[in-house]
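>>> pasted the sequence and its predicted model underneath.
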Amino acid sequence: ARGRGTDFQVAAYENQILSVWMQHGTGFMGRGPLSSAFSSDGGKSWRNAGNPSDVGSDGDHAFIDLTADDKGNFHAVWLDKRSGEDKGLYSAAYDSRTNKWGKNRTVDDKVCDCCWNVVKADSSGHLHALYRDKSPRDMGWAFSKDYGKTWESGGPVGDFDWRIEACVHVGGGLAIEENDNGTQLHAVVWTANQFNPGLYYVSQKTKAGNWQEPVRIGGVECTLPDIAVSDSGEIAIAWIQQTAEGNKLFYLKANRITSVSTKAVLVHTEEIYPTHPKLLSLGDSLHLFWTGQVGKKDVWRHVKI
């Protein structure tokens, strides 16, 4: 159950590093409780940081994401079924001074069971979570203005009104751009709505509070997306395109994404099954990671784009 989509997570603030992962347990496919480890010396040594979840269950805790805020504390989100009925999205903050996890908070108490989540922090301490909602199964956005103590629903990211009672196994990507003009969120989302299926880019200036009209990047076969923004404002989006010849890995880069005319680049991979691309921004450079199979071996790959 600890495959791609339910990845181990790591975040850093200066030389402080936190990692969170899922253990084996009594949940679906052996999913279990969470564990974490903290390093205060850049990864040279580690200490047990405990379980972010405060429900004390060996059941299913999965689809974790992790970020660091501007004060050097950390925030995790994940799915569990503590209500007994529906999966919910919950959060907890890790205080790097006291080395303790705080009280769990509810981001959304009714979400899709099996899509990955994203949490990001901006320089003012505001948190932003992107996740697949329950009904409709559009991607939802929630935000916190008080370091995760309370969360507010921001509504759908791309209002596709996708009505389906099934697990779709596809999350989205979220990136934060900050400059002299303010803060802007960038997202990439996927829908299989019968009327307008496909992969879409959506942006939002947080002062306005409204998501712009989605820009279609590709069809429903373009899936498993991620997004990043460099310090200079260049946007990168990566995805897997499912074809008759197997999976193909694509990305595009642009300062503005306003139409499908933005040219996509095919990454020529030796792996027979590239999957789950992840994008990382380091200053003005953008880096693409993915996994795949070479023979019977699973491998990580990376290119600077």
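Received it, and whenever you're ready, just let me know what you need.

>>> let me see the contact set for the residue most central in space within the chain.
Geometric centre of the chain, nearest residue: residue 118, 2.7 Å, by C-alpha atoms, centre = their mean. Taking C-beta atoms under 8 Å, 6 or more residues apart in numbering, we find residue 118 in contact with 65, 129, 130, 131, 171, 172, 173, 174. All C-beta atoms are positioned from the backbone trio N, CA, C, and that covers glycine.

>>> try it again with 7 Å
65, 129, 130, 171, 172, 173, 174 (C-beta atoms under 7 Å, 6 or more residues apart in numbering).

>>> confirm for me that the fourth one is in contact with residue 116.
Yes. The pair residue 171 / residue 116 is scored as a contact, 3.6 Å apart, by C-beta atoms under 7 Å.

>>> quick one: residue 39 from residue 51, how far?
18 Å (C-beta to C-beta, to the nearest Å).

>>> swap in residue 175?
29 Å.

>>> need the pLDDT of residue 195.
As predicted, residue 195 sits at a pLDDT of 91.

>>> what about it, how many residues close to it?
8 (other C-beta atoms under 10 Å).

>>> over to the one 5 residues further on?
Counted by other C-beta under 10 Å, the residues lying close to residue 200 total 24.

>>> is it true that it lies in a strand?
Yes. Residue state for residue 200 (DSSP: H, G, I helix; E, B strand; the rest coil) corresponds to a strand.

>>> now flag whichever of the contacts of residue 118 is closest to residue 253.
Set against residue 253, the nearest of the contacts of residue 118 by C-beta to C-beta is residue 173 (14.1 Å).

>>> right, and the closest one touches residue 229 too?
No. If you go by C-beta under 7 Å, residue 173 and residue 229 don't touch, sitting 10.5 Å apart.

>>> so after the helix or strand bottoming out on mean pLDDT in the chain, what's the next helix or strand?
Lowest mean confidence among the helices and strands of the chain (mean pLDDT, DSSP states H and E): strand 210-211, at a mean of 88. For strand 210-211, the succeeding helix or strand toward the C-terminus, using DSSP states H and E, is strand 215-218.

>>> given that following strand, what are its sheet partners and their directions?
Strand pairing for strand 215-218, determined by DSSP bridges: strand 198-205 (antiparallel).

>>> which parts of the stretch 1-150 of the chain are helices?
Counting by DSSP state H, counting those that start in this stretch, the stretch 1-150 of the chain has no helices to list.

>>> strands along that one, start to end?
9-13, 16-24, 31-39, 47-48, 61-68, 74-80, 88-95, 100-101, 105-108, 118-121, 127-132, 139-144 (DSSP state E, counting those that start in this stretch).

>>> how about the second one: buried residues?
If I follow you right, that is strand 16-24. By 16 or more other C-beta atoms under 10 Å, the buried positions in strand 16-24 come out as 16, 17, 18, 19, 20, 21, 22.

>>> number of nearby residues for the residue lying closest to residue 4 once chain neighbours are set aside?
Among residues not flanking residue 4 along the chain, residue 276 sits closest, at 4.2 Å (C-beta to C-beta, 6 or more residues apart in numbering). Each residue near residue 276 was counted by other C-beta under 10 Å, and the total is 19.

>>> okay, now the unreliable bits of the stretch 51-200 of the chain?
Along the stretch 51-200 of the chain, segments meeting pLDDT under 70 are nowhere present.

>>> so which bits of the helix or strand hosting residue 249 are buried?
Residue 249 belongs to strand 246-254 when assigned by DSSP H and E. Buried residues in strand 246-254, defined by neighbour count with 16+ other C-beta under 10 Å: 247, 248, 249, 250, 251, 252, 253.

>>> what comes into contact with it?
Residues contacting strand 246-254 (C-beta under 7 Å, 6+ apart): 234-241, 262-267, 269, 272-275, 277, 286, 288, 290, 305.

>>> check stretch 78-86 too.
Under C-beta under 7 Å, 6+ apart, the answer for stretch 78-86 is 34, 53, 55, 59-64, 87-90, 109-111, 134.
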